[in-house]
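J.: Okay, sequence plus prediction incoming.
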Amino acid sequence: MITLEQKHLALLEDAERRGQADTENIRVCFEVLTLGAAIDQACAARLAPHRLSEGKFVLLFLLRDLPEGLAPHELADKAGVTRATITGLLDGLQRDGLLARHSDSQDRRKISVRLTEQGQALAQHLLDEHSQWIGSLFAGFDQAERETLSALLKRAWLNVISSRAGCTEAATEEHP
């Protein structure tokens, strides 16, 4: 059994004390959350020696095969972060010598962000290493188990989407 975080244990115990019928579903949800948090923590620990966060790693990955680089706003869109966030991430990577900003020769307002040689080498090394690590997280699962897990997670995902739609409708009805 997965050791749940204290906050999840408290919520689960309260649900059990109140006689809530679906406590096993609550426990499974908390187990998934705990697994996700453990993966995030392990990922952060693996990237920390390289002075990288997950956000910075994603930028290295996105720029790895683009020698011409990308504009900061395009990079923000591809990484799924705001333009304000991208500025901080790029500043940190540039300070560490992993990327450089280049002005367009025709229009100095246009900037492209490109990896330096050091950034390119680190990106390649980490991408290979990170991919192997991620793949190892489900080592020992056969194809049928992976397909079953994937199908179960998809069902939970659809329940989340459905519940979000219900929350939006309820909020609209309460505050037209």
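T.: Received it, and whenever you're ready, just let me know what you need.
J.: switch to C-alpha atoms for all contacts and neighbour counts from now on
T.: Noted.
J.: ok, for the residue nearest the centre of the chain, nearest residue in space, not its chain neighbours?
T.: Residue closest to the mean C-alpha point of the chain, counted by C-alpha atoms, centre = their mean, is Glu54 at 7.1 Å. Distances taken as C-alpha to C-alpha, 6 or more residues apart in numbering put Ala44 closest to Glu54, at 6.7 Å, once the chain neighbours are dropped.
J.: name the helices or strands packed onto the helix or strand hosting the one you found?
T.: Per DSSP states H and E: Ala44 is located in helix 23-47. If contacts are counted by 3 or more C-alpha pairs under 8 Å, 6 or more residues apart in numbering; DSSP states H and E, helix 23-47 sits against helix 6-17, helix 54-63.
J.: which other residues reach whichever strand or helix holds Leu127?
T.: Using DSSP H and E, Leu127 sits within helix 117-136. If you take C-alpha atoms under 8 Å, 6 or more residues apart in numbering as the criterion, helix 117-136 is touched by 57, 60-61, 64, 97-99.
J.: Spell out which residues make up each domain of this protein.
T.: 1-50, 51-163 (automatic domain parsing).
J.: Now tabulate the ones you listed in a markdown table and tack on mean pLDDT.
T.: As requested, the domains of the chain are exported to a markdown table (pLDDT from 0 to 100):
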| stretch | mean pLDDT |
| --- | --- |
| domain 1-50 | 91 |
| domain 51-163 | 93 |
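J.: thinking again about what came up before, so what's the residue count around the residue nearest to Glu54?
T.: The tally of other residues near Ala44 (other C-alpha atoms under 10 Å) stands at 15.
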